[in-house]
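> The following comprises the amino acid sequence and a computationally predicted model.
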Amino acid sequence: MTQNQVITSLGRAQNQGDEELSKSFATTSSMAALGQAIASWGQKNSLWPLPYGTACCGIEMMSVMGPKYDLARFGAEVVRFSPRQSDLLLVAGTITEKMAPILVRIYRQMLEPKYVISMGACASSGGFYRAYHVLQGADKVIPVDVYVPGCPPTPEAVLDGVMLLQRMIAQNHPRPWKKNWKAPEHV
Ligand code: SF4
């Protein structure tokens, strides 16, 4: 399958997801559930990412935002560098122990509802840096919703991660890892 075919199929899957949501609008009987479905639909299609790019994965993240892969098709192209204007934290790259408190501070300053995607091996598990100075995964200090594997992950994998998050938002998926999260004391 060529890259263009992959991109086309991702776009088609997105449209199918929206059609399913239209059907759920049509079949929802309770006004509260309908309101929740509409709010979720708005949230999932207007994610404002804060790119926390620290290493090579940050470069891959840029290509996801560029014209070829065009994250705008998923409503998530409005990149913000202020946590107070963002609801999706895209952690892309190695996180050193010294940077962990900054990551926590940024996460705490973001507005609710907020989500986190961990992009790549380093952000998800420390990658090949089994060393004292590297955090062994963003989830050691903040709650992560979606992990995207790879070193670096392909842009298609990142898009797949965004679509997975959109499905979680649309389905109001329970997120115990976030509900039970407490800011670590040591950072
Ligand atoms: S996962 Fe690989 S590409 Fe991404 S920051 Fe780590 S070393 Fe770089």
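Okay, I see it. Residues are numbered from 1 along each chain as shown.

> backbone phi and psi for the spatially most central residue of the chain, please?
Centroid-nearest residue in the chain: Ile117, 3.3 Å away (criterion: Cα atoms, centre = their mean). Backbone torsions of Ile117, given as degrees, to the nearest 10, read phi -110, psi 130.

> And Tyr115, by the same measure?
According to degrees, to the nearest 10, Tyr115 has phi -140, psi 160.

> how about the residues of the chain near the ligand?
Counting by Cβ under 6 Å from any ligand atom, the positions of the chain adjacent to the ligand are Ala55, Cys56, Cys57, Gly93, Thr94, Gly120, Ala121, Cys122, Gly127, Cys151, Pro152. All C-beta atoms are positioned from the backbone trio N, CA, C, and that covers glycine.

> and the fourth one, what does it touch?
Read it as Gly93. Applying Cβ atoms under 8 Å, 6 or more residues apart in numbering, one finds that Gly93 lies in contact with Tyr52, Gly53, Thr54, Ala55, Cys56, Cys57, Gly58, Met119, Gly120, Cys122, Ala123.

> re the thing from before, need the residues of the chain next to the ligand in a markdown table (columns: pLDDT and secondary structure).
Output for these, formatted as a markdown table (pLDDT from 0 to 100; DSSP: H, G, I helix; E, B strand; the rest coil):
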| residue | pLDDT | secondary structure |
| --- | --- | --- |
| Ala55 | 94 | coil |
| Cys56 | 95 | helix |
| Cys57 | 96 | helix |
| Gly93 | 95 | coil |
| Thr94 | 96 | coil |
| Gly120 | 96 | helix |
| Ala121 | 97 | helix |
| Cys122 | 97 | helix |
| Gly127 | 92 | coil |
| Cys151 | 96 | coil |
| Pro152 | 94 | coil |
